[in-house]
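Enquirer: Below: sequence and its predicted model.
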Amino acid sequence: MAHIAYLRVSTVEQNTDRQLNDTCISFDKTFTDKCSGGTTKRPALTELKDYVRDGDIIHVHSIDRLARNLVDLKQLINEWNSQGITVKFHKEGLSFNAGGNDHMSELMLNMLGAVAQFELAMIQERRQEGIEKAKAAGKYKGRPTNELSHQRISELRSQGVSLRKIAKEIGVSLSTVQRALAANE
């Protein structure tokens, strides 16, 4: 039986100091991701999945460090439990044991996972509202237009060059070429 820590922060600049530092457990191995939790396709999480074995215990600081939505959260826990692996969330005080869980833990997982998912949606909504306000106030203009590229796109198109060839020659996406041409109309 191995005690394994899984840590995650959203960016490379952030650190994991606050995660699992108040436990008196000596971890056999630690896996750390420094990327968004919006997907389960993360390098350290993939390594962790390959590493864990029957009887191991995975320690995670909190539910939102493992998954950002309820579907991913339940899938990971069910997968590990079916392999004989226990998952412990320290902040919430929840443990999901191989071979079955009590109904109260299952209820708490569903509720806390749903709250985490709702919280993320609210953050995204507030961010979008802030962007809309900044745009209305003229403070948010997006990325500046590359006038040279737009001029070159117009020249090539007037010569009858296809959109895909223009994109390849200039080194931009097809949608960038289409937007540049639409802006020049």
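Expert: Looks like it arrived, so ask away.

Enquirer: Let me see the confidence value for the spatially most distant residue from the centre of the chain.
Expert: Relative to the C-alpha centroid of the chain, counting by C-alpha atoms, centre = their mean, Gln159 is the outermost residue, at 43.6 Å. If you check Gln159, the pLDDT there is 94.

Enquirer: what about it, distance to Ser175?
Expert: From Gln159 over to Ser175 the distance is 21 Å, taken as C-beta to C-beta, to the nearest Å. C-beta coordinates here come from the backbone N, C-alpha and C atoms, glycine included.

Enquirer: just checking, what packs against the lengthiest helix in the chain?
Expert: Counting residues, the longest helix found in the chain (DSSP state H) is helix 103-136. In terms of contacts (3 or more C-beta pairs under 8 Å, 6 or more residues apart in numbering; DSSP states H and E), helix 103-136 is packed against helix 63-66, helix 70-82, strand 94-96.

Enquirer: closest one to Val52 among the ones you listed?
Expert: Closest to Val52 of the helices and strands packed on helix 103-136 is helix 70-82 (C-beta to C-beta; 6.8 Å).

Enquirer: Any stretches of the chain with poor pLDDT?
Expert: Low-confidence segments of the chain, defined by pLDDT under 70: 100-102.

Enquirer: The closest residue to Val12 other than its chain neighbours bridge partners, please.
Expert: What sits nearest to Val12 in space, not counting adjacent residues and going by C-beta to C-beta, 6 or more residues apart in numbering, is Lys34, at 4.9 Å. Note on Lys34: beta-bridge partners by DSSP bridges are Val9.

Enquirer: heads up, I number from 209, so please use that
Expert: Noted, 209 is the first residue going forward, which turns the last one into Lys242.

Enquirer: give me every residue that touches Lys242.
Expert: By C-beta atoms under 8 Å, 6 or more residues apart in numbering, the residues touching Lys242 are 216-220, 222.
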